[in-house]
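[1] Need coordinates for the below:
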Amino acid sequence: MAHRPLSPSHLADDLAALARAPRWWLAYSGGLDSSVLLHLLCQVRALQPGLPPLTALHINHRLHADAAQWQAHCAARCAELGVPLVAATVDVASDGDGLEAAARRARHRVFKQHLQAGEVLFTAHHQDDQVETLLLRLLRGAGVEGMGAIAPARPLGQGTVHRPLLGVPRSALLAYARQHGLGWVDDPSNTDTNLDRNYLRQRVLPLLAERWPGYRATLSRAAGAQRDVAALLEESLGPLPRVHNTFGDPGLALAPLLAHSDAAAAALLRRWFGELGLRAPDRVALLELLRQLRASDAGAPRLVVDGAEIQRFGAGLYRLPGSDGPAAQAAGQSLGPGQTLDIGALGRLALVPAPAGAPGLYLGPTQLLTLGFRRGGERCRPAGRGGSCPLKQWLQEQGVPPWWRARLPLLYLDGELRVIGDRWYCDSAAPQPARDGGAGRWQVRWERNCPTAAD
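    Next up is the predicted model:
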């Protein structure tokens, strides 16, 4: 089926609605699709100079011997067009989901790192991508949400991702590139039919085209209809039931979730995973998670979703934070009265004068606290408890989530644990410094980074 020639007018409506964004980003691989979108965006911005600034974002996965050459091509092309280029190199480690899924997660981490509030990231997904995604999800037994395939737009980090070419077949992109003499890089892995998407593209879809030449448009409409159904389902279920634990981590409240039928609860879980930027697992895995959540003897059910760990704790279901290696980053450093200490991904600590009536500890002007993290076997004398106890027991009693227990900063004075995070102060068996010798009462403040469970 013929498609009208691609031109900047295809993007007009989408771009007009995004004209107030602080910045536009383009996910630029250097391949045909993103090369065409880069050229189109430059054409539109030349016609409308008041549009937001455009920056290309290239991600070097280092998975091919020519990856450095591809990055150099992208830099040269952006220089020709006067578009700033940000290049990011990522490490892609294959896991149970395969190399392709691991590379996608690595890309999305970079996207989230760069997108600031209200900014827009364009990707060059087109109609053929939409059809391939729909068929792959059908073959994997996807439900309504999965059969919606690729959404034209969705939240991503602090911004949004938009796909203005989603209704355009790849043949139109190829014709545009040839018309304008565009150069692009070819990834040899695109012809590897051992990969499911390539097998569909190379073997299956040409057969469909022989019998149903308009299949791209009809299957794209079918995906759109499924997205409409998913939206109606979302409206009928209402907002997600939210909960926050004592450390501010956002989660999904279990009681209202489990009050629904399995089908409705699974739909809410899929929506929550989508908010977290995760691809939901299949129906069997979701139903098994719900079975464990409903069981009184299931302990703390845990599920790996798109490389992230989901776990029940107390009245909520939470995404566990990634490893930030706090001990390797900051353990052993010192903190004195009036000083601050950077503890990497965990934020920073400060020793400030304790307000009247607030908990604190007396320190002489030259006394220093030493930073550590839990390794096992620690004991403390929590103020007011009347004796020492294992730190593990204390943290359990205080309802500290398991993923925070090894991440709590522990502050020692002369080898004795005195402060746990910024919440609990420990009594000491050692003589306290005399106040008339210059000792003051100090309090630990812990400025944590944003809630880690949503990282």
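[2] mind listing what's buried in the longest helix anywhere in the chain?
    For the chain, the helix with the greatest residue count under DSSP state H is helix 215-237. For helix 215-237, burial by neighbour count (16 or more other CB atoms under 10 Å) applies to 216, 219-220, 222-224, 226-227, 230, 233-234. (C-beta placed from N, C-alpha, C; glycine too.)
[3] same question, stretch 271-286
    So, applying 16+ other CB under 10 Å, buried residues of stretch 271-286: 271-274, 276-281, 283, 286.
[4] And for stretch 353-366?
    354, 359-361, 363-364.
[5] Tell me the one of the residues you listed nearest Cys380?
    If you rank the buried residues of stretch 353-366 by distance to Cys380 using CB to CB, Leu361 comes first, at 12.7 Å.
[6] re the thing from before, so how far is the longest helix of the chain off the chain centroid?
    25 Å (CA atoms, centre = their mean, to the nearest Å).
[7] then that helix to PDB, C-alphas only?
    Taking C-alpha atoms only, helix 215-237 is exported to PDB below (Å, rounded to 0.1, in the frame of the first residue of the first chain):
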ATOM      1  CA  TYR A 215      -1.200  -5.400   7.100                       C
ATOM      2  CA  ARG A 216       0.900  -2.700   8.700                       C
ATOM      3  CA  ALA A 217      -1.900  -0.200   8.900                       C
ATOM      4  CA  THR A 218      -4.500  -2.700  10.000                       C
ATOM      5  CA  LEU A 219      -2.300  -4.300  12.700                       C
ATOM      6  CA  SER A 220      -1.300  -0.800  13.900                       C
ATOM      7  CA  ARG A 221      -5.000   0.100  14.200                       C
ATOM      8  CA  ALA A 222      -5.600  -3.100  16.200                       C
ATOM      9  CA  ALA A 223      -2.800  -2.100  18.600                       C
ATOM     10  CA  GLY A 224      -4.400   1.300  19.000                       C
ATOM     11  CA  ALA A 225      -7.800  -0.400  19.800                       C
ATOM     12  CA  GLN A 226      -6.100  -2.400  22.500                       C
ATOM     13  CA  ARG A 227      -4.600   0.700  24.000                       C
ATOM     14  CA  ASP A 228      -8.100   2.200  24.100                       C
ATOM     15  CA  VAL A 229      -9.400  -0.900  26.000                       C
ATOM     16  CA  ALA A 230      -6.400  -0.700  28.400                       C
ATOM     17  CA  ALA A 231      -7.200   2.900  29.100                       C
ATOM     18  CA  LEU A 232     -10.800   2.100  29.800                       C
ATOM     19  CA  LEU A 233      -9.700  -0.600  32.200                       C
ATOM     20  CA  GLU A 234      -7.400   1.700  33.900                       C
ATOM     21  CA  GLU A 235     -10.200   4.300  34.400                       C
ATOM     22  CA  SER A 236     -12.500   1.600  35.800                       C
ATOM     23  CA  LEU A 237      -9.900   0.400  38.400                       C
END
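[8] Which elements pack onto that helix?
    Helix 215-237 sits against helix 127-139, helix 144-147, helix 205-211, helix 262-275, with contacts defined as 3 or more CB pairs under 8 Å, 6 or more residues apart in numbering; DSSP states H and E.
[9] Determine which of those shows the lowest mean per-residue pLDDT.
    Of all those, mean pLDDT reaches its minimum on helix 144-147 (a mean of 82).
[10] now that one: how far from the chain's centre is it?
    The answer for helix 144-147 is 21 Å, by CA atoms, centre = their mean.
[11] where does His73 land on pLDDT?
    Note on His73: pLDDT of 96.
[12] Please point out which parts of the helix or strand hosting it sit buried.
    For His73, the host element (DSSP states H and E) is helix 67-81. By 16+ other CB under 10 Å, the buried positions in helix 67-81 come out as 67, 70-71, 73-74, 77-78, 81.
[13] Check stretch 155-163 too.
    Buried residues in stretch 155-163 (16+ other CB under 10 Å): 156-157, 159-163.
[14] Could you single out the nearest of the residues you listed to Ser388?
    Gly157 (44.4 Å).
[15] any idea how far Leu269 is from the closest one?
    Separation of Gly157 from Leu269 (CB to CB, to the nearest Å): 21 Å.
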